[in-house]
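Student: just the structure for this:
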Amino acid sequence: MDLLREAGSLSVSLVAEANGLAVGHVAFSPVQVASGCVGAGLAPVAVLPPFRRQGIAASLIRAGLAECHSAGFRWAAVLGRPAYYARFGFQPAANFGLTDEYGGGNAFQVVALVPGGIPSNEGLVRYALQFASLS
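Tutor: The predicted structure follows:
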């Protein structure tokens, strides 16, 4: 996260608090297709173990997507469990002719933040360079 922040590649970053303690976080950074169309890449989303299964991650994701829309992003991408992210409107990116650089297959998904916002048949979606340094 620090690498994204230092590079100015942290577009949206939200924290959930409980009794003054940070218990959850979601971040979005730019993703881009070959034509230059930029979207928001959701990663990571995390909630401290004692606070899980209380809807905190879902609230952070919804609020983050709304912030991305307000910031002018037309679409967002995520690499995660399809059954979970479908509740936020995410669909397999392959349906739109998009792939990811991590071999995510059906786990690589996109959502339109405005009608028609998802680029079609653009191939590879690239994440911020800082993700390549994560293990």
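Student: quick one: residue 30 is in a strand?
Tutor: Yes. Residue 30: assigned to a strand according to DSSP: H, G, I helix; E, B strand; the rest coil.
Student: what number of residues lie near it?
Tutor: 17 (other Cβ atoms under 10 Å). To be clear about C-beta, it is placed using only N, CA and C from the backbone, and glycine gets the same treatment.
Student: skipping adjacent residues, who's closest to it in space?
Tutor: Excluding its sequence neighbours, the residue lying closest to residue 30 (Cβ to Cβ, 6 or more residues apart in numbering) is residue 38, at 5.2 Å.
Student: what residues are up against that neighbour?
Tutor: Residue 38 sits next to 30, 31, 32, 73 when contact means Cβ atoms under 8 Å, 6 or more residues apart in numbering.
Student: shaky segments in this protein?
Tutor: 1-9, 131-135 (pLDDT under 70).
Student: centre-most residue in it?
Tutor: residue 42 (1.3 Å; Cα atoms, centre = their mean).
Student: tell me the helix or strand right after the top helix by length along the chain.
Tutor: Once the chain is assigned using DSSP state H, the helix that runs over the most residues is helix 56-70. Per DSSP states H and E, the first helix or strand lying C-terminal to helix 56-70 is strand 75-79.
Student: so what touches that following strand?
Tutor: 28, 31, 37, 39-43, 65, 68, 85, 90, 93, 98, 100, 102, 104, 107-114, 117-119, 125.
Student: can you flag the buried ones in these?
Tutor: 28, 31, 37, 39-43, 65, 68, 85, 90, 93, 98, 100, 104, 107-113, 117-119, 125 (16 or more other Cβ atoms under 10 Å).
Student: what segments of this protein are helices?
Tutor: 2-6, 56-70, 82-85.
Student: buried deepest among these, which one?
Tutor: helix 56-70 (a mean of 18; mean count of other Cβ atoms under 10 Å).
Student: if we look at that helix, which residues are touching it?
Tutor: Residues from elsewhere that reach helix 56-70 (Cβ under 8 Å, 6+ apart): 11-12, 14, 16, 23-28, 40, 42, 45-47, 76, 87-88, 111, 113-114.
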